[in-house]
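[1] Predicted model, plus sequence, below.
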Amino acid sequence: REFVDEDRLAVFGGSYGGYSAYCQLTMHPEIWKTGVAWIGITDLELLYEESMPHFKATLEQQLGDPEENADLWRERSPITHVGNMEAPVFVVHGVNDPRCPVSQARVFRDALLDRGWEEGPDGDFEYEELEEEGHGSSDAEQKVRAFGLIGEFLERRL
């Protein structure tokens, strides 16, 4: 569309949208100027290993058996494609998240560092663990803090 500035496109999402943001940035890197992944999945195999039984059952319904369909699980995991990333990303995750453990953010951060990416406002990516949050928050102050950090990141990067 004419009104879209293709030099300022960002992808943002939380929860499944966070997973989608990671997928977009790693599997379609040419589109995005930047992105924000909030409480998103990065490694489906790790998520399965760390999940409670009812979450494991849901993952099996969606992706099949993790051993029998290991290639599919890897192919659908953004961590597999982290080497394709071009745009800076802001990784935001609650430390107390039972649905999508903070390890999902940490392994992605570590993969970026392993690639030689630098963390920080002037670096290749930014990373924030929200100490009191779980899978998002219903607390107004925590929401204001999270969206404030995201807004500041987008202002810097766009």
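    It's in.
[2] tell me the contacts of the residue nearest to residue 52 when sequence neighbours are not counted?
    Computed as C-beta to C-beta, 6 or more residues apart in numbering, the closest residue to residue 52 that is not its neighbour in sequence is residue 98, at 7.4 Å. For the C-beta atoms, the positions are set from N, CA and C on the backbone; glycine is no exception. Contacts for residue 98 (C-beta atoms under 8 Å, 6 or more residues apart in numbering) come out as 52, 134, 135.
[3] On the three-state scheme, residue 40 is what?
    coil (DSSP: H, G, I helix; E, B strand; the rest coil).
[4] and it, how many neighbours?
    Per other C-beta atoms under 10 Å, the neighbour tally for residue 40 reads 25.
[5] and it, backbone torsions?
    Main-chain torsions, residue 40, degrees, to the nearest 10: phi -110, psi 160.
[6] can you pull out the helices in the protein?
    Secondary structure of the chain by DSSP state H: the helices cover 16-27, 44-50, 53-63, 70-75, 103-114, 140-157.
[7] Those helices: which one's closest to residue 85?
    Taking C-beta to C-beta, helix 16-27 is the member of the helices of the chain nearest to residue 85, at 5.5 Å.
[8] That closest one - contacts with which helices or strands?
    Judged by 3 or more C-beta pairs under 8 Å, 6 or more residues apart in numbering; DSSP states H and E, helix 16-27 is in contact with strand 10-14, strand 34-38, strand 89-94.
[9] averaging pLDDT over each of the helices of the chain, which comes out lowest?
    Note on those: helix 140-157 shows the lowest mean pLDDT, a mean of 92.
[10] tell me what that one is packed against?
    strand 10-14, strand 34-38, strand 89-94, strand 125-130.
[11] ok, back up a step: mind putting the helices and strands packed on helix 16-27 into TSV with distance to residue 46?
    Formatted as TSV, those follow (distance: least, C-beta to C-beta, whole Å):
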stretch	distance to residue 46
strand 10-14	19
strand 34-38	15
strand 89-94	14
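[12] Any chance of those strands in TSV with mean neighbour count, distance to residue 48 and mean pLDDT as columns?
    As requested, those are exported to TSV (neighbours: other C-beta atoms under 10 Å; distance: least, C-beta to C-beta, whole Å; pLDDT from 0 to 100):
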stretch	mean neighbour count	distance to residue 48	mean pLDDT
strand 10-14	20	21	96
strand 34-38	26	19	97
strand 89-94	26	18	95
